[in-house]
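> only the shape, not the letters, is given here:
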């Protein structure tokens, strides 16, 4: 019964978080130009800095919120985070200076770090062998929300650049109320542990990783995979214009198709693939599919070819849920929040460095000084990081028992998946 109420709420939370993130994208340039009184070129630079601030905030907040959820429980942390997001969106409707806009987006990153507590709640109510499948539902929710958000934002943006923030605030508040009445606490008092600031920060999280066999390796794979997979949200619109000459309407249609592929993959591919091959091999298959598609996009020059390459994207779906499940297996029940915080922190690190690696590469190879015009260069960079992730993944040790069999704050010397 707890799982039947927990998982729908977590999926709804991630879905609304993704909508809240995406709903702002179409109006952010206009808002920056309006508040900062700058032209479009300057607004792009400011928006990039805002994205970096948000990523850093998530990176720092994730281990804190994960550890807090191990101490106070998942329900309290998630509901307060949703309340914080609602308040943050309200703030975005009234800010009139760039410093306050930076503050508001930093708060979005902080409260968005609650994904650690959300995924820990799933681990609380799910048997280890089913965690990858349920983490896949979270990925599907994010994929659909990331597509729906910009559509809503673009529509409401016609009303005014602040209108999408009102909608995002209402969605976050509605989900908080839904969770208040529906979402049960998933971490019993006897499985909680004391909060320790020495563990609830990136340095402490790193120390925790080093103390759990194989954990730092999985975190490294997650970071490399995050850099690789961000090639789509960070470069797709620019790539489609530079490589294929698409219109905004065609770009929107392709984004919708990618969202559908991601949702189908997370819903229907993750579970069967993990059951058949196990988490590590399922992630291996997904990364191999991903790098094959990246190479295809690096060189494709036709619309039909670009849309055809969207289809196999669904088969890379097992990667992130499988990696999260592998991390979860290596932690005790009392450490699930901390471990999912490490997972979110690892992905946050990828979000910090990816813009320079991906957007910077594409900008160079489409600029006047480029030795050759090559918009697909960013996809080759993504291929390189995907292969590095694959190499690290195959070197991981296998686990010999699940996290539910481990002692509350420690793991056995050797850790099968």
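On my side now, so go ahead. Model, not experiment: these values are computed from the prediction. Residues are numbered from 1 along each chain as shown.
> pick out the residue nearest the middle of this structure.
Nearest residue to the geometric centre of the chain (Cα atoms, centre = their mean): residue 347, 6.8 Å.
> which residues does that one contact?
For residue 347, the contacting residues are 222-223, 226, by Cβ atoms under 8 Å, 6 or more residues apart in numbering. Heads up, the C-betas are built off the backbone N, CA and C, glycines and all.
> please apply the same query to residue 222.
If you count contacts by Cβ under 8 Å, 6+ apart, residue 222 has them with 320, 323, 327, 343, 346-347, 350.
> do that again at 10 Å, thanks
If you count contacts by Cβ atoms under 10 Å, 6 or more residues apart in numbering, residue 222 has them with 319-320, 323-324, 326-327, 342-347, 349-350, 389, 392-393.
> about what we covered before: model confidence for the residue nearest to the centre of the chain, exactly?
Predicted confidence (pLDDT) for residue 347: 78.
> helix or strand right after the helix or strand containing it?
Assignment of secondary structure by DSSP states H and E places residue 347 within helix 336-354. Elements were assigned by DSSP H and E; along the chain past helix 336-354, the next helix or strand is helix 360-366.
> ok, longest helix in the protein?
Ranked by residue count under DSSP state H, the longest helix found in the chain is helix 40-72.
> buried residues, that one. List them.
Within helix 40-72, the residues that count as buried by 16 or more other Cβ atoms under 10 Å are 43, 46-47, 50-72.
> also stretch 120-128?
The neighbour-count criterion (16+ other Cβ under 10 Å) identifies 120-126, 128 as the buried residues of stretch 120-128.
> helices - which of the residues you listed land there?
Taking DSSP H as the definition of helices, these contribute 120-125.
> can you put those residues in TSV and add distance to residue 89 and pLDDT?
As requested, those are arranged in TSV below (distance: Cβ to Cβ, whole Å; pLDDT from 0 to 100):
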residue	distance to residue 89	pLDDT
120	24	81
121	23	85
122	25	84
123	28	81
124	28	84
125	29	83
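> export those to a markdown table and append columns for distance to residue 12.
Converted to a markdown table, those look like this (distance: Cβ to Cβ, whole Å):
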| residue | distance to residue 12 |
| --- | --- |
| 120 | 17 |
| 121 | 12 |
| 122 | 13 |
| 123 | 18 |
| 124 | 17 |
| 125 | 15 |
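> residues touching residue 12, list them.
Contacts for residue 12 were tallied using Cβ under 10 Å, 6+ apart; they are 141, 145, 171, 174-175, 178-179, 182-183.
> ok, the contacts of residue 347 vs residue 99, which is closest?
Distance from residue 99 was checked for each of the contacts of residue 347 by Cβ to Cβ. The minimum falls on residue 226, at 28.7 Å.
> the closest one contacts residue 324, doesn't it?
No. Taking contact to mean Cβ atoms under 10 Å, the distance of 11.9 Å between residue 226 and residue 324 leaves them out of contact.
> average pLDDT across the host helix or strand of residue 156?
Under DSSP H and E, the secondary-structure element containing residue 156 is helix 131-157. For helix 131-157, the mean pLDDT works out to 75.
> report the distance from it to the chain centre.
The gap between where helix 131-157 is centred and where its chain is centred comes out at 10 Å by Cα atoms, centre = their mean, to the nearest Å.
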